[in-house]
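# below is the sequence, then the predicted model.
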Amino acid sequence: MNQTTNHTLHANHTPHSNKTANAQTNSQVNHDIIKAATPTEQKFYDFYLEEHQNMACRRLHFAGSSFGLLGLAKSVKTRSPKPLLKGIVAGYACAWVGHFFFEKNKPASFKFPLKSFASDFRMYGDVVRGNLSLKDRKFDKSR
């Protein structure tokens, strides 16, 4: 009878151990996927920042992103898509003026629209947190 009890305890313990081991393995796999994706994202963001060295261009991007966020907020408040569309148009107009007239390069959104959009808001966040300057590149902390 002791053998049966020991076998039952061992059998009950093993699935729990397997679940724990599987959870740890899945967690490690997810962590590895995140780590693998990060360098590529960082590489693009480094490229993105290289394309935004001119302070007038950065300021115009910041203003444009602000217009986009204000349009989003107003769209949610009024339950109308018009303010969001206006915010997007104003945002891209500001950004493209910054590139064509100040930075003198082609916007990254032409070749990489989604990565560029995400990087624009990452840059916006870096400015808000004080990691990127709108006055002089020598004050940049995120590079």
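Thanks, I have it. Since we're looking at a predicted model, the values are computed, not measured. Numbering: from 1, shown residues only.

# give the next helix or strand downstream of the helix or strand containing residue 57.
If you go by DSSP states H and E, residue 57 is part of helix 55-78. Later in the chain than helix 55-78, the nearest helix or strand by DSSP H and E is helix 82-97.

# ok, residue 70 - contacts?
By C-beta atoms under 8 Å, 6 or more residues apart in numbering, the residues touching residue 70 are 83, 87. Where C-beta positions appear, they are placed from N, C-alpha and C, glycine not excepted.

# what distance do you get for the residue nearest the centre of the chain to residue 55?
Geometric centre of the chain, nearest residue: residue 118, 4.9 Å, by C-alpha atoms, centre = their mean. Using C-beta to C-beta, to the nearest Å, residue 118 is found at 22 Å from residue 55.

# using CSV, write down the CA coordinates of the helix holding residue 57.
Provided in CSV are the C-alpha atoms of helix 55-78 (Å, rounded to 0.1, in the frame of the first residue of the first chain):
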residue,chain,number,x,y,z
MET,A,55,16.4,70.8,-34.7
ALA,A,56,13.7,72.5,-36.9
CYS,A,57,12.8,69.1,-38.3
ARG,A,58,12.6,67.6,-34.8
ARG,A,59,10.4,70.5,-33.6
LEU,A,60,8.1,70.1,-36.6
HIS,A,61,7.8,66.4,-35.9
PHE,A,62,7.0,67.1,-32.2
ALA,A,63,4.3,69.6,-33.3
GLY,A,64,3.0,67.2,-35.9
SER,A,65,2.7,64.4,-33.4
SER,A,66,1.0,66.7,-30.9
PHE,A,67,-1.5,67.6,-33.6
GLY,A,68,-2.1,64.0,-34.2
LEU,A,69,-2.6,63.2,-30.6
LEU,A,70,-5.0,66.2,-30.2
GLY,A,71,-6.9,65.0,-33.2
LEU,A,72,-7.2,61.6,-31.6
ALA,A,73,-8.4,63.0,-28.3
LYS,A,74,-11.0,65.2,-30.0
SER,A,75,-12.2,62.3,-32.2
VAL,A,76,-12.7,60.2,-29.1
LYS,A,77,-14.5,63.0,-27.4
THR,A,78,-16.8,63.9,-30.3
